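J.: sequence? don't have it. structure:
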């Protein structure tokens, strides 16, 4: 695997106290795991804009990947995804540690000559385009983001869901596929080349409901006391809830990252039942709460070459 990083920092001399920094990454990645397996190529751009103590940062990513396994199902196909986010806040923010917020990219683009004091909030969205029998599961999700950094350390949180609130939280309101996720990550620039990342996360994936049938499914119905959807073939049982820890290391020559945890349908049912029973938005989904918890693991690795330029 090979990827090339182009990093630039540009100071806008025409405007007092106005500074911009940007980075661009092209990379290929192989991912292996028991739920997903693919070869991916992507382009990722990140930038910051600072005026005095006010700061804005944004990221735009696009990936294409050939997969042999997707969402636990063995199926060959070519898929595409994109992601966009923007955060606004305060601080002297010029080392591009905001690139760690991206869910499509597990590398950090950074400027060792920059500053990273930042406290900000923002929104984003991502969209998948899946082929064949998975096509209907390629939905758009909205994101709410928070990031805080000091020196060369950054912590961020990303909440992802498919609901829609005006144009800020711009999900597709499907209530299936990747219905919700929460991720907290920490990134640290150790020296000129080494970066460490760590964190925890949870994500839920739900099968597509069959709205042509009344919600009288007996699975996860609390002995018939709760309404539960039937789901559509061919993926009637496509449910998983991953709870995991992750870690990543990158230096001047290579990078590795791993996510390890459990896939628990009992946890997925507990989380989603609380939301659907409490808010009353929809009937439940037929999570198989008798299913044993399974191991969840994914590993990705890269070798790379970095080119940097600073103005």
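T.: Ah, there it is. All of these numbers come straight from a predicted model, not from anything done at the bench.
J.: look at residue 277 and report its pLDDT.
T.: If you check residue 277, the pLDDT there is 87.
J.: what ranges does the stretch 201-311 of the chain have for its strands?
T.: For the stretch 201-311 of the chain, strands defined by DSSP state E, counting those that start in this stretch occupy the ranges 240-250, 254-263, 294-308.
J.: helix/strand/coil for residue 136?
T.: Of the three states, residue 136 takes helix under DSSP: H, G, I helix; E, B strand; the rest coil.
J.: which residues does residue 204 contact?
T.: Residues in contact with residue 204, defined by Cβ atoms under 8 Å, 6 or more residues apart in numbering, are 178-181, 240-241, 268, 271-272. (Each C-beta comes from the backbone N, C-alpha and C, glycine too.)
J.: no, scratch that, I was asking about residue 154
T.: 97-98, 100, 116, 118, 147-148, 186-188.
J.: ok, back up a step: now the buried members of the contacts of residue 204.
T.: Among the contacts of residue 204, those classed as buried by neighbour count (16 or more other Cβ atoms under 10 Å) are 178-181, 240-241, 268, 271-272.
J.: if we can go back for a sec, format the contacts of residue 204 as a markdown table; extra columns: pLDDT and distance to residue 23.
T.: Shown next, in a markdown table, are the contacts of residue 204 (pLDDT from 0 to 100; distance: Cβ to Cβ, whole Å):
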| residue | pLDDT | distance to residue 23 |
| --- | --- | --- |
| 178 | 90 | 27 |
| 179 | 88 | 32 |
| 180 | 90 | 30 |
| 181 | 95 | 25 |
| 240 | 97 | 33 |
| 241 | 97 | 34 |
| 268 | 96 | 36 |
| 271 | 94 | 36 |
| 272 | 93 | 38 |
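J.: greatest separation within these: which pair is it?
T.: Taking Cβ to Cβ as the measure, those span a maximum distance of 13.6 Å, between 178 and 271.
J.: how about stretch 259-274: buried residues?
T.: Of all the residues in stretch 259-274, those buried under the rule 16+ other Cβ under 10 Å are 259, 261, 263-269, 271-273.
J.: quick check: residue 261 vs residue 91, distance?
T.: As judged by Cβ to Cβ, to the nearest Å, residue 261 and residue 91 stand 32 Å apart.
J.: got it, and residue 256?
T.: 30 Å.
J.: please identify which of these two sits among more neighbours.
T.: In this view residue 256 and residue 91 are compared by other Cβ atoms under 10 Å, and residue 91 has more residues nearby, 20 against 14.
J.: enumerate every residue touching the more buried one.
T.: Per Cβ under 8 Å, 6+ apart, neighbours of residue 91: 53, 55, 115-120, 149.
J.: filter the residues you listed down to just the buried residues.
T.: 55, 115-118, 120, 149.
J.: in TSV: the strands of the stretch 201-311 of the chain, plus distance to residue 278.
T.: As requested, those are exported to TSV (distance: least, Cβ to Cβ, whole Å):
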stretch	distance to residue 278
strand 240-250	18
strand 254-263	24
strand 294-308	27
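J.: to residue 288, which of those strands lies closest?
T.: Closest of the strands of the stretch 201-311 of the chain to residue 288 is strand 240-250, at 10.6 Å (criterion: Cβ to Cβ).
J.: so what touches the closest one?
T.: Contacts for strand 240-250 (Cβ under 8 Å, 6+ apart): 35, 71-72, 106-108, 185, 194-205, 255-265, 267-268, 271, 296, 304.
J.: now the angle from that strand to strand 254-263?
T.: With axes from the mean of the first three to the mean of the last three Cα atoms, to 10 degrees as the basis, strand 240-250 and strand 254-263 are set at 160 degrees to each other.
J.: okay, buried residues for strand 240-250 please.
T.: 240-244, 246, 248, 250.
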